[in-house]
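[1] I'd like to go over a predicted model; first the sequence, then the structure.
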Amino acid sequence: MISSKSWSLRLIYRYESQCLSSIRSHTTNLVYQSSIRRFHKQNAAASTLPRPSQASYQAQNTSSLYYILSTILGTVALSYGSVPMYKMICQTTGWGGQPIKAPGHGSNTDSSDPSERLRPVTTAPRIRITFNGSVSDVLPWKFVPQQREVRVLPGETALAFYTATNQSKEDIIGVATYSVTPAQVAPYFSKIQCFCFEEQRLNAGETVDMPVFFYIDPDFVNDPSMKNIEQVTLSYTFF
């Protein structure tokens with residue numbers, strides 16, 4: 001038979017369990033409701049922020065597209081224009097050891113007739129002109145001068161030849177650049193005709209002769225810095 005004291009303890013224990021369960025349930029409910037309120041609050045705040053319109057997105061995309069196209073076109077234009085610009089500057093100034101190719105170069109008169117400059121200075125010693133030829137590693141051509149050297153007087157014209165052979169089985173276009181050493185001679189080294197900076201197309205296995213017609217300006221003998229120069233080298237490289 002259960003005593004009254006044991007029965008009372010059981011009732012107290014059951015009551016405590018029910019109270020704890022109720023408290024836990026109530027606490028969980030409060031946490032859940034608080035989370036729900038916080039979620040709705042955040043959504044409401046986000047909905048009030050201004051959103052970019054479709055027109056704004058389209059304007060940004062259009063601006064980016066114009067910028068990219070301008071960059072591409074500028075790069076292409078610079079690539080095509082760099083060689084002619086380099087050629088023009090070098091042939092006008094003799095910069096970088098590039099011979100000058102301009103009518104009437106060195107003349108003190110307004111005449112543009114180069115024949116007025118072609119008066120050999122017979123009192124000056126002859127200048128030894130040597131020739132070099134080379135090709136880039138990726139160009140399957142053979143390119144050599146036909147003569148090792150020529151000797152000319154200042155103001156005297158000279159004609160030299162190079163020979164180019166396409167050793168591949170395909171037609172190839174090459175472009176030649178040139179320079180003069182010593183570099184300080186370049187302003188006095190004038191070309192009347194040459195094949196430089198122009199596209200040269202050689203068919204598969206084809207061999208062609210390429211002429212160079214040039215002269216040393218007579219003013220060469222009046223420049224003190226040219227006094228001890230007895231040899232000049234003209235070099236061509238095909239790319």
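    Sure, I can see it.
[2] Check the burial of the spatially closest residue to residue 171 that is not a sequence neighbour by counting its neighbours.
    Closest residue to residue 171 apart from its sequence neighbours, by CB to CB, 6 or more residues apart in numbering: residue 203 at 5.0 Å. Yep, even glycine has a C-beta here, placed from its N, CA and C like the rest. Applying other CB atoms under 10 Å, we find 11 other residues in the vicinity of residue 203.
[3] Tell me the confidence at residue 203?
    Looking at residue 203, its pLDDT is 98.
[4] can you give me the strands for the chain?
    For the chain, the strands defined by DSSP state E occupy 127-135, 141-145, 149-152, 157-166, 172-181, 189-193, 199-202, 207-216, 231-238.
[5] Quick one: those as CSV, columns for mean neighbour count too.
    Listed next are the strands of the chain as CSV, based on neighbours: other CB atoms under 10 Å:
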stretch, mean neighbour count
strand 127-135, 18
strand 141-145, 17
strand 149-152, 15
strand 157-166, 17
strand 172-181, 18
strand 189-193, 19
strand 199-202, 14
strand 207-216, 18
strand 231-238, 20
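[6] Lowest mean pLDDT across the ones you listed, which one is that?
    When I compare the strands of the chain, strand 189-193 is least confident, with a mean of 93.
[7] Run through the neighbouring helices and strands of it.
    strand 207-216 (3 or more CB pairs under 8 Å, 6 or more residues apart in numbering; DSSP states H and E).
[8] and the strand it packs on, C-alpha only, in PDB?
    Taking Å, rounded to 0.1, in the frame of the first residue of the first chain, the C-alpha atoms of strand 207-216 are listed here in PDB:
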ATOM      1  CA  THR A 207      64.500  33.400-106.500                       C
ATOM      2  CA  VAL A 208      64.600  37.100-107.200                       C
ATOM      3  CA  ASP A 209      67.300  39.800-107.400                       C
ATOM      4  CA  MET A 210      66.600  43.000-105.400                       C
ATOM      5  CA  PRO A 211      68.500  46.200-106.300                       C
ATOM      6  CA  VAL A 212      69.700  48.900-104.000                       C
ATOM      7  CA  PHE A 213      70.600  52.300-105.600                       C
ATOM      8  CA  PHE A 214      72.300  54.700-103.200                       C
ATOM      9  CA  TYR A 215      74.900  57.400-102.700                       C
ATOM     10  CA  ILE A 216      76.800  59.100 -99.900                       C
END
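[9] What is it packed up against?
    Using 3+ CB pairs under 8 Å, 6+ apart, strand 207-216 sits against strand 157-166, strand 189-193, strand 199-202, strand 231-238.
[10] Which strands and helices lie in contact with the longest one?
    So that's strand 157-166. By 3+ CB pairs under 8 Å, 6+ apart, strand 157-166 packs against strand 127-135, strand 141-145, strand 149-152, strand 199-202, strand 207-216, strand 231-238.
[11] now do 10 Å
    On a contact count with 3 or more CB pairs under 10 Å, 6 or more residues apart in numbering; DSSP states H and E, strand 157-166 meets strand 127-135, strand 141-145, strand 149-152, strand 172-181, strand 189-193, strand 199-202, strand 207-216, strand 231-238.
[12] right, and those strands - which one's nearest residue 166?
    The minimum distance between residue 166 and these falls on strand 199-202, with 3.8 Å, by CB to CB.
[13] coming back round to it: take the strands of the chain and lay them out in CSV including distance to residue 224.
    Output for the strands of the chain, formatted as CSV (distance: least, CB to CB, whole Å):
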stretch, distance to residue 224
strand 127-135, 16
strand 141-145, 31
strand 149-152, 21
strand 157-166, 24
strand 172-181, 19
strand 189-193, 18
strand 199-202, 39
strand 207-216, 16
strand 231-238, 17
